[in-house]
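Student: Okay, sequence plus prediction incoming.
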Amino acid sequence: MDIWEQMYTAAKKEYHPEDVTPFIYAHNVVSAIEAENGEIFTGFCIESCSGVCNLCAERVAALNMYTNSGQTHIKRLIAFRDKAPVADENNSLPCGACREFLMQLDSKNKDTEILVDYENKETTTLEKLIPNWWGLSRQA
């Protein structure tokens, strides 16, 4: 099983859309990330009626990574709804807020491989999704 299959399988376990309360919905988008040391961390989205309390699956996975290991550098990322990513379906994951958070978490994340087509193992990088990131000039 290659790394993308491992990540897909780990994230897929988190996919079970459900109402947490009448105001909060969760597990309808899932993600797995591979940290710099090879560990895999997962996350799922959680959305509330107020909007400001929403957390995307990618950010939850990154926060799980940091909380559980202290790591900030992400080698690979996969995120999806009910099935693995397919390039021709206009996949927009990760969203703009997640792209920004991942760059702020570690500027090396610009090289994070993001799976856009599971069957063909086609990837892009965070840098291609957020070119000319404003924060690079603030790096030491």
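Tutor: Looks like it came in fine.
Student: The most centrally placed residue in the chain in helix, strand or coil?
Tutor: Geometric centre of the chain, nearest residue: Glu58, 2.7 Å, by CA atoms, centre = their mean. Classification of Glu58 using DSSP: H, G, I helix; E, B strand; the rest coil returns helix.
Student: For Lys108, see how far away the closest residue to Arg81 other than its chain neighbours is.
Tutor: Leaving aside its chain neighbours, Arg81 sits nearest to Val29 (5.5 Å; criterion: CB to CB, 6 or more residues apart in numbering). Heads up, the C-betas are built off the backbone N, CA and C, glycines and all. Counting by CB to CB, to the nearest Å, the separation of Val29 from Lys108 is 25 Å.
Student: From the chain's centroid, how far away is stretch 11-25?
Tutor: How far stretch 11-25 lies from its chain's middle: 17 Å, per CA atoms, centre = their mean, to the nearest Å.
Student: coming back round to it: surely the residue nearest to the centre of the chain is in contact with Ile33?
Tutor: Yes: counting by CB atoms under 8 Å, Glu58 touches Ile33, with 7.4 Å between them.
Student: Which strand or helix spans Glu34?
Tutor: strand 24-35 (DSSP states H and E).
Student: Paired strands for that strand, with orientation please.
Tutor: strand 18-21 (antiparallel), strand 40-48 (antiparallel), strand 74-80 (antiparallel) (DSSP bridges).
Student: got the contact list for Leu115?
Tutor: Trp4, Met7, Arg76, Leu77, Ile78, Pro85, Lys121, Glu122, Thr123 (CB atoms under 8 Å, 6 or more residues apart in numbering).
Student: try 6 Å this time
Tutor: If a contact means CB atoms under 6 Å, 6 or more residues apart in numbering, then Leu115 has Trp4, Ile78, Pro85, Thr123 as its contacts.
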